[in-house]
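Asks: Build me a model from this:
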Amino acid sequence: MEGDPVTLHTCHVKVMDNDRIQWWFENETSLIAEMNVTANSVTVNDNYDRRFRGRLEVNRQTGCLTITNIRTEHAGRYGVQTNHSIDTFIVNVSVRLPVPVISSNSTNCSSSSSSSSYCSLVCSVLNVSHVTLSWYKGNSLLSSISVSDRSISLSLPLEVEYQDKITYSCVLNNSIINQTQHLDISQLCHTCSDSVHCCGSTGAVIRLVLSALVGVATVIFLVHDFRSRRAEQDHARIPSPQT
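Replies: You can find the predicted model right below:
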């Protein structure tokens with residue numbers, strides 16, 4: 001798996017006093033590491049191939065080679081030669097897969113009394129290659145789509161009944177690993193009754209606020225009217241000056 005350390009083992013539990021261990025990549029002339037027990041020396045030739053720079057470690061006790069933070073570019077054929085044997089290793093490196101994302105494509109709610117209403121969903125992944133994206137209903141495959149060598153985005157639609165209680169899952173996999181996202185219908189697919197309940201509560205609050213505003217406006221109007229009448233009455237009681 002990309003990012004993991006990988007250790008290639010020699011046939012030794014412990015190196016001998018006169019051992020000389022050579023590690024190569026792809027062919028015998030491309031030495032990437034060498035250990036000389038007699039000279040008590042370890043040489044790492046990571047400058048020979050820049051892809052290995054800072055990633056190679058040789059265990060002085062066993063002669064094993066460790067590739068740290070491995071990448072797909074490090075996949076291939078490795079070999080080790082000791083005083084007594086030659087061994088080869090085929091290293092495969094798989095890319096970490098993203099977890100699929102399930103989202104709703106439905107713009108309208110469904111009547112809870114309608115048994116034929118469906119919720120439209122889509123499962124998506126970004127920038128993948130050599131993978132298959134699939135929908136499962138329980139353990140049964142419903143649909144799938146694959147991509148080979150190009151790194152692209154994939155999406156796969158699905159329609160489910162709003163009241164469906166069966167487990168659905170979206171799976172992204174390659175030849176080695178997989179990532180699964182389970183569908184929660186109750187979170188992504190809503191009935192009209194849910195919307196009415198939500199929106200009804202909001203509407204009730206709005207109506208309450210409007211009623212309060214109307215009440216305040218009415219009180220202000222009555223106070224203003226009362227003061228106006230009072231002023232008119234007071235003005236009528238004032239006698240006119242006589243000439």
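
Asks: what stretches of the protein score poorly on pLDDT?
Replies: Along the chain, the parts satisfying pLDDT under 70 run over 106-116, 191-205, 219, 221, 223-226, 229-243.

Asks: For it, which segments count as helices?
Replies: Assigned by DSSP state H, the helices in the chain fall at 185-188, 192-237.

Asks: and the most centrally placed residue in the chain, what does it touch?
Replies: Geometric centre of the chain, nearest residue: V99, 4.5 Å, by C-alpha atoms, centre = their mean. Going by C-beta atoms under 8 Å, 6 or more residues apart in numbering, V99 touches 172, 179-181. Glycine gets a C-beta too; all of them are placed from N, C-alpha and C.

Asks: And these, which of them are buried?
Replies: 172, 179, 181 (16 or more other C-beta atoms under 10 Å).

Asks: Name the residues of stretch 44-53 that are buried.
Replies: Buried residues in stretch 44-53, defined by neighbour count with 16+ other C-beta under 10 Å: 44-45, 49, 52.

Asks: quick one: contacts of that stretch?
Replies: 25, 30-34, 54-58, 67, 71, 73-74.

Asks: For D19, state which of these is nearest.
Replies: Proximity of the contacts of stretch 44-53 to D19 (C-beta to C-beta) peaks at E34, which lies at 11.2 Å.

Asks: so how far is V44 from the residue lying closest to N59 once chain neighbours are set aside?
Replies: The shortest distance from N59 to any non-neighbouring residue, by C-beta to C-beta, 6 or more residues apart in numbering, is to T66 (7.2 Å). Remark: distance between T66 and V44 (C-beta to C-beta, to the nearest Å) = 11 Å.

Asks: Now do the shared contacts for the two.
Replies: 56-58.

Asks: for the residues you listed, which one is nearest T167?
Replies: Set against T167, the nearest of the shared contacts of T66 and V44 by C-beta to C-beta is E57 (45.1 Å).

Asks: Just the buried positions in stretch 166-181, please.
Replies: 168-174, 179, 181.

Asks: Start and end of it, how far apart?
Replies: End-to-end distance of stretch 166-181: 15 Å, with C-alpha to C-alpha, to the nearest Å as the criterion.

Asks: Pull the distance from it to the chain's centre.
Replies: Relative to its parent chain, stretch 166-181 has a centroid offset of 13 Å by C-alpha atoms, centre = their mean, to the nearest Å.

Asks: what comes into contact with it?
Replies: With C-beta under 8 Å, 6+ apart, stretch 166-181 has contacts from 1, 92, 94-102, 123, 125, 128, 130-138, 156, 158, 160, 182-183, 185.

Asks: which among these end up buried?
Replies: 95, 97, 100, 102, 123, 125, 128, 131-137, 156, 158, 160, 183, 185.

Asks: Which ones among those residues lie within strands?
Replies: 102, 123, 125, 128, 131-137, 156, 158, 160 (DSSP state E).

Asks: Which member of these is positioned nearest C11?
Replies: V131 (36.9 Å).

Asks: From the buried ones among the contacts of V99, which land in strands?
Replies: 172, 179, 181.

Asks: Where do the domain boundaries of this structure fall?
Replies: Structural domains assigned to the chain are 6-91, 101-108+115-191, following automatic domain parsing.

Asks: could these go into CSV alongside distance to L213?
Replies: Shown next, in CSV, are the domains of the chain (distance: least, C-beta to C-beta, whole Å):
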stretch, distance to L213
domain 6-91, 65
domain 101-108+115-191, 32
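
Asks: Could you point out which of those domains sits nearest S211?
Replies: The minimum distance between S211 and those falls on domain 101-108+115-191, with 29.3 Å, by C-beta to C-beta.

Asks: ok so, going back, tell me the two of the buried residues of stretch 166-181 that are most distant?
Replies: It's Y168 and N174 that sit farthest apart of the buried residues of stretch 166-181, by C-beta to C-beta, at 21.5 Å.
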